[in-house]
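K.L.:
just to be clear, the model below is a prediction. Sequence and coordinates:
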Amino acid sequence: MFISLHDLKLHNIDFKEELRPDAMDYGPDVQQILPLRSSGRAELIKEHHGRQGTVDDIRLVGELSTSLELICARCLDPVKHDVQRDFDLLYRPQGTDAGVEEIPVNRSEAEIGYYTGDGLLLEDVLREQVLLAVPFKVLCREDCRGLCPHCGKNLNQDQCSCTEPIEDPRWSGLKELRDKLES
């Protein structure tokens with residue numbers, strides 16, 4: 001759904017979208033397994049901006065929900081992750097802040113995005129919000145044992161028959177220090 005500046009100048013736009021699991025690409029490690037449902041409102045905000053006069057900002061307020069399949073960081077098994085997120089976003093025309101000398105930004109200014117042309121695509125906003133909801137590191141369970149570094153067997157399912165690796169002698173000094181601290 002394209003949110004047009006022209007339409008926003010006439011009236012606010014309410015949206016209620018449902019996107020199929022194969023409608024968006026989140027990258028190789030994230031798969032959407034349930035439809036992405038979103039609803040909310042888009043409105044135009046006239047902002048006074050220096051000597052330039054006013055700037056047309058687009059404010060999006062809404063919510064989204066879906067389920068994703070992610071990959072466990074230790075054993076590479078699939079992990080289901082439910083996403084429910086509220087958002088309140090502000091988009092400025094790209095180039096509005098260009099040429100302004102560098103100044104520290106406060107928390108509210110860090111939440112500003114930019115659009116080009118006559119509006120923005122709602123799907124791009126929703127994709128970004130879903131990706132922001134993905135945890136940095138996903139585990140299938142807290143005590144996940146991962147994969148054997150030698151044979152690659154999933155240690156949560158079976159114990160492998162690999163022998164324990166011989167300790168690297170370069171670490172012996174640190175091992176001795178650890179033993180002294182523990183005793």
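P.N.:
Thanks, I have the structure now. Numbering: from 1, shown residues only.
K.L.:
and the strands in the protein?
P.N.:
In the chain, the strands defined using DSSP state E lie at 2-4, 13-19, 31-32, 36-48, 54-71, 78-93, 112-115, 119-121.
K.L.:
by how many degrees do the longest one and strand 13-19 diverge?
P.N.:
Spelled out, that is strand 54-71. 20 degrees (axes from the mean of the first three to the mean of the last three C-alpha atoms, to 10 degrees).
K.L.:
who does strand 54-71 pair up with?
P.N.:
Note on strand 54-71: by DSSP bridges, its sheet partners are strand 31-32 (antiparallel), strand 36-48 (antiparallel), strand 78-93 (antiparallel).
K.L.:
hang on, the earlier thing: tabulate the strands of the chain in CSV, adding columns for mean pLDDT and distance to Thr163.
P.N.:
For glycine as for every other residue, the C-beta is placed from the backbone atoms N, C-alpha and C. Below are these laid out as CSV (pLDDT from 0 to 100; distance: least, C-beta to C-beta, whole Å):
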stretch, mean pLDDT, distance to Thr163
strand 2-4, 90, 61
strand 13-19, 95, 50
strand 31-32, 94, 37
strand 36-48, 91, 48
strand 54-71, 92, 28
strand 78-93, 93, 30
strand 112-115, 85, 54
strand 119-121, 91, 55
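K.L.:
if we can go back for a sec, most packed of the strands paired with strand 54-71?
P.N.:
strand 31-32 (a mean of 18; mean count of other C-beta atoms under 10 Å).
K.L.:
hmm, who's touching that one?
P.N.:
With contacts defined as C-beta atoms under 8 Å, 6 or more residues apart in numbering, strand 31-32 is touched by Pro21, Asp22, Ala23, Met24, Tyr26, Thr66, Ser67, Leu68, Glu69, Leu70, Val130.
K.L.:
again with stretch 158-176
P.N.:
With contacts defined as C-beta under 8 Å, 6+ apart, stretch 158-176 is touched by Cys148, Pro149, His150, Cys151, Lys153.
K.L.:
sorry, back to before: go through the strands of the chain and name the closest to Leu177.
P.N.:
Evaluated with C-beta to C-beta, those place strand 54-71 nearest to Leu177, the distance being 36.4 Å.
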